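Visitor: Have a look; sequence and predicted model below, questions after that.
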Amino acid sequence: MGLYYTHLLIPGKPKLSPPIDSVCRFLQGVIDTGFVGGEPNIVLVRIEEQLEPVQAYIDYFVKKFPKEPRPVQRVQRRVKKLYPVKDAVELQRKAAKFPEFDAAVCGEGTPKLLAVKVRGEEDGKWKPWNKAHYIGIGCCIRDTIISTSDYHEETGSKRRVIPFGEECSVRNRLGIFTNPSTSAPIEVPNAGCARFWIEIRYGKFLFPEIRNGNLAIVHPGLLKLATDAFAVDFAQGCQWG
């Protein structure tokens, strides 16, 4: 079991890229219904590619030392940039300019409603966690289809699964996840790839109890907010580490 757990809602239409007003409507619904505790704030993160310098290494094995300094090498990397947003209106205005972004409602406190029933360690025992904690519920938008599977090597299987966040084919529909408590693999139909998905992120050492490999554990009210806002059904998965 790792440090952080994220529950995933993955749309049945992998090519879906919802309009920003649907994203804003969903996030406002999350705030209004009390799925985030404390004083919820909206966070916008732009995903973009940029050239970054990398260090050039000398080959010590063949003793080839350049007589002149080598030019700085640059590689294309995907980076995240945080943009301050005060409300859903400003989010809609700013995010409309970005082809790829994450937009979330975050807060630390005791939610009125539990998006997912999680457990934490107290007095050496794992117990249902009803105390204040961090949670972020948000939407992730990408311009290409990426893998939403999260398969861990500790399952003991040698099967090949495209890692979470890497580009993949739309045919990669079977989602393959890992139970954080038992490391057993969990297969979920229509949950293996998407351009858009919803994340429910928790703070350190908070994990749900997943029984019989069933990942359909999101509060029905939050699931309804998602299906109403985006007019699509969602499968459920998880990511942790």
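Guide: Yes, it's here.

Visitor: So which residues of this structure form helices?
Guide: Assigned by DSSP state H, the chain shows helices spanning 20-33, 88-95, 220-230.

Visitor: elements contacting the second one?
Guide: The one in question is helix 88-95. Judged by 3 or more CB pairs under 8 Å, 6 or more residues apart in numbering; DSSP states H and E, helix 88-95 is in contact with helix 20-33, strand 41-54, strand 101-109. In short, each C-beta sits where N, CA and C put it, glycine included.

Visitor: for the helices of the chain, which one ends up most surrounded?
Guide: helix 20-33 (a mean of 19; mean count of other CB atoms under 10 Å).

Visitor: Just the C-alpha atoms of that one, please, in PDB.
Guide: Listed next in PDB are the C-alpha coordinates belonging to helix 20-33 (Å, rounded to 0.1, in the frame of the first residue of the first chain):
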ATOM      1  CA  ILE A  20     -15.800  23.700 -20.100                       C
ATOM      2  CA  ASP A  21     -19.300  24.800 -18.900                       C
ATOM      3  CA  SER A  22     -20.100  21.100 -18.100                       C
ATOM      4  CA  VAL A  23     -16.900  21.000 -16.000                       C
ATOM      5  CA  CYS A  24     -17.800  24.100 -14.200                       C
ATOM      6  CA  ARG A  25     -21.400  22.900 -13.500                       C
ATOM      7  CA  PHE A  26     -20.000  19.600 -12.100                       C
ATOM      8  CA  LEU A  27     -17.500  21.300  -9.800                       C
ATOM      9  CA  GLN A  28     -20.000  23.800  -8.600                       C
ATOM     10  CA  GLY A  29     -22.300  20.900  -7.800                       C
ATOM     11  CA  VAL A  30     -19.500  19.200  -5.800                       C
ATOM     12  CA  ILE A  31     -19.200  22.400  -3.700                       C
ATOM     13  CA  ASP A  32     -22.900  22.900  -3.200                       C
ATOM     14  CA  THR A  33     -23.600  19.300  -2.100                       C
END
